[in-house]
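J.: For reference, the sequence and a predicted model appear below.
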Amino acid sequence: MNTGKLFLVGATHRTAPLGLRERLALTAEGEAALARQLAAMPGLNEFVLLNTCNRMEIYGVAEDATLRSRVAAAFCEQQGFALGEFEPVRLERTDDGVIQHLFEVSSGLDSQMIGENEIFGQVKKALLTAQTRGDAGPVLNRVFQKAFQAAKHVRTHTAITSGLVSVANVAVDNAVAVFGQLKEARVLLLGAGEIGLKSGRAFRSRNPGSMTVASRRLGHAEEVAAELGATALPFEQALANLGDFDVVVCSTSAPGTVVSTAMVQAAMQSRRGRPLLLIDVAMPRDIEAGVAGLENVFMSNLDDLARIAAENRQARQSEIVKCQEILVQRAGALWLQVDALLNRPVSAAATEATPEPSFGLYAGGNGVGLAV
């Protein structure tokens with residue numbers, strides 16, 4: 001039975017271009033504010049917010065199918081985004097489609113970099129955050145846990161993770177394409193967060209000439225630099241000396257651009273015709289778009305790196321098909337259980353014992369859920 005009680009609304013790299021994803025991405029404060037608004041929405045029993053550089057997805061359990069439109073409207077209001085502008089890029093799934101989608105997301109099959117590992121941790125973090133806030137209940141807890149099991153299974157039993165399947169690895173491959181060997185390349189990591197650290201590890205594996213880490217928090221930059229065997233610089237000093245570097249990887253959490261066209265123009269004057277590679281893996285973007293038009297400047301953003309990674313997809317197409325077959329089977333089996341439980345009267349559940357591996361129903365404060 002399809003009721004729409006289990007739903008997903010959002011937008012991803014498959015539905016929205018980079019410029020729109022920047023506007024849809026939630027800041028930490030925005031995510032907390034949206035969570036408070038959704039928690040107070042009558043009829044919305046559970047929800048999980050998955051907010052990454054390539055997707056903003058709201059998974060929910062509602063008392064009726066009309067609620068997902070209200071959820072979408074609340075999200076657009078939070079972001080100052082016109083609902084009419086959101087509709088063309090809106091991703092929506094219901095019932096078994098939600099489970100199938102989450103399984104593919106958790107497994108890296110729906111990522112720009114097919115088979116990448118970062119998304120698994122991001123999905124787990126999203127569930128943990130929802131659990132901590134009290135937003136996730138028994139239904140979504142069960143669905144997400146099964147998604148983790150499915151993701152681990154396909155990663156173990158297929159070769160989906162082989163090849164260049166992370167932003168960091170593809171960024172390094174991009175640098176090699178521009179400079180050849182990196183043994184004389186000077187690399188600057190502008191941003192010392194998780195993505196910056198992973199990028200640094202990937203570049204370190206290619207033995208660059210030097211590596212420098214810059215962050216607005218110098219202490220944080222020093223910690224990352226120590227792990228990478230690199231040098232730390234104050235953020236503003238690094239920006240003022242962009243011309244000293246051959247490769248600049250930008251991954252800050254700034255709300256707007258931090259590298260302007262004027263900065264890069266000044267840097268290129270000191271480089272005397274030597275090329276400069278700028279790799280922007282931040283969301284929203286760190287580098288002004290106009291930089292791409294400068295002579296001898298090579299610039300790549302997340303969508304550019306995804307196109308590079310797509311060349312590697314064909315070689316693993318058989319593994320992708322194998323993963324999809326596994327996930328379809330597992331998602332279908334789970335939906336039969338969830339569907340039956342979402343649509344059983346609470347009174348009937350209270351009088352019937354439900355053996356494993358099914359779950360029993362309970363009458364929670366916000367409505368019907370699954371007891372696990």
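T.: Everything's here; your move.

J.: in the stretch 101-250 of the chain, which spans are helices?
T.: Assigned by DSSP state H, counting those that start in this stretch, the stretch 101-250 of the chain shows helices spanning 118-133, 138-157, 167-179, 194-204, 218-228, 235-240.

J.: Now do the first one against helix 138-157, angle only.
T.: Helix 118-133 and helix 138-157 meet at an angle of 160 degrees, taking axes from the mean of the first three to the mean of the last three Cα atoms, to 10 degrees as the criterion.

J.: Report all helices and strands that helix 118-133 contacts.
T.: helix 28-39, strand 44-51, helix 96-107, helix 138-157 (3 or more Cβ pairs under 8 Å, 6 or more residues apart in numbering; DSSP states H and E). (C-beta placed from N, C-alpha, C; glycine too.)

J.: about what we covered before: and the helices of the stretch 101-250 of the chain, which one is worst for confidence?
T.: Ranked on mean pLDDT, the bottom entry among the helices of the stretch 101-250 of the chain is helix 167-179, at a mean of 90.

J.: Show me the contact partners of that helix.
T.: 113, 116, 118, 164, 182, 185, 187, 195, 198-199, 201-203, 205-206, 246-247, 249, 275, 277, 279, 281, 298, 300, 302, 305, 308-309 (Cβ atoms under 8 Å, 6 or more residues apart in numbering).

J.: Tell me how far it lies from the chain's centre.
T.: Distance of helix 167-179 from its chain centroid, counting by Cα atoms, centre = their mean, to the nearest Å, is 20 Å.

J.: do the same with stretch 33-45
T.: 22 Å.

J.: who wins for proximity to L294 among the helices of the stretch 101-250 of the chain?
T.: L294 lies closest, by Cβ to Cβ, to one member of these: helix 167-179, at 14.5 Å.

J.: Please spell out which residues along that closest one are buried.
T.: By neighbour count on 16 or more other Cβ atoms under 10 Å, the buried set for helix 167-179 is 167-175, 178-179.

J.: I'd like the residues you listed laid out as TSV, including distance to A28.
T.: Below are the buried residues of helix 167-179 laid out as TSV (distance: Cβ to Cβ, whole Å):
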residue	distance to A28
V167	21
A168	23
N169	27
V170	27
A171	25
V172	29
D173	31
N174	29
A175	30
V178	34
F179	36
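
J.: For A331, state which of those is nearest.
T.: The shortest gap between A331 and any of the buried residues of helix 167-179 belongs to V167, at 26.8 Å (Cβ to Cβ).

J.: any weak-confidence spans in the stretch 251-372 of the chain?
T.: 311-316, 344-372 (pLDDT under 70).

J.: pull the CA atoms of the host helix or strand of L305 into PDB?
T.: Assigned by DSSP states H and E, L305 belongs to helix 302-313. In PDB, the C-alpha atoms belonging to helix 302-313 read as follows (Å, rounded to 0.1, in the frame of the first residue of the first chain):
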ATOM      1  CA  LEU A 302      32.900  20.200  -7.300                       C
ATOM      2  CA  ASP A 303      31.000  19.800 -10.600                       C
ATOM      3  CA  ASP A 304      34.200  19.900 -12.600                       C
ATOM      4  CA  LEU A 305      35.800  17.200 -10.400                       C
ATOM      5  CA  ALA A 306      32.600  15.100 -10.800                       C
ATOM      6  CA  ARG A 307      33.000  15.200 -14.600                       C
ATOM      7  CA  ILE A 308      36.600  13.900 -14.200                       C
ATOM      8  CA  ALA A 309      35.400  11.100 -12.000                       C
ATOM      9  CA  ALA A 310      32.700  10.200 -14.500                       C
ATOM     10  CA  GLU A 311      35.400   9.000 -16.800                       C
ATOM     11  CA  ASN A 312      36.100   6.400 -14.300                       C
ATOM     12  CA  ARG A 313      32.500   5.300 -13.900                       C
END
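
J.: which helices and strands sit right next to that helix?
T.: So helix 302-313, by 3+ Cβ pairs under 8 Å, 6+ apart, packs with helix 167-179.

J.: middle-most residue in this structure, spatially?
T.: Per Cα atoms, centre = their mean, the C-alpha nearest to the average position across the chain is that of T52, at 3.1 Å.

J.: what's the closest non-adjacent residue to it?
T.: Q122 (5.1 Å; Cβ to Cβ, 6 or more residues apart in numbering).

J.: Show me how far stretch 298-306 is from its chain's centre.
T.: How far stretch 298-306 lies from its chain's middle: 16 Å, per Cα atoms, centre = their mean.

J.: now for the helices of the stretch 101-250 of the chain, which one comes closest to R330?
T.: That would be, of the helices of the stretch 101-250 of the chain and by Cβ to Cβ, helix 138-157, which comes in at 4.8 Å.

J.: quick one: buried residues of that closest one?
T.: Quick answer for helix 138-157 (16+ other Cβ under 10 Å): 138-144, 146-148, 150-151, 153-155.

J.: on that earlier part again, could you flag which of the contacts of helix 167-179 are buried?
T.: Using 16+ other Cβ under 10 Å, the buried ones in the contacts of helix 167-179 are 113, 116, 118, 164, 182, 185, 187, 195, 198-199, 202-203, 246-247, 249, 277, 279, 281, 298, 300, 302, 305, 308-309.

J.: what separates the closest residue to P17 other than its chain neighbours from A309, distance-wise?
T.: Counting by Cβ to Cβ, 6+ apart, D303 is the residue found nearest to P17 once chain neighbours are left out, at 7.4 Å. Distance, D303 to A309, by Cβ to Cβ, to the nearest Å: 11 Å.
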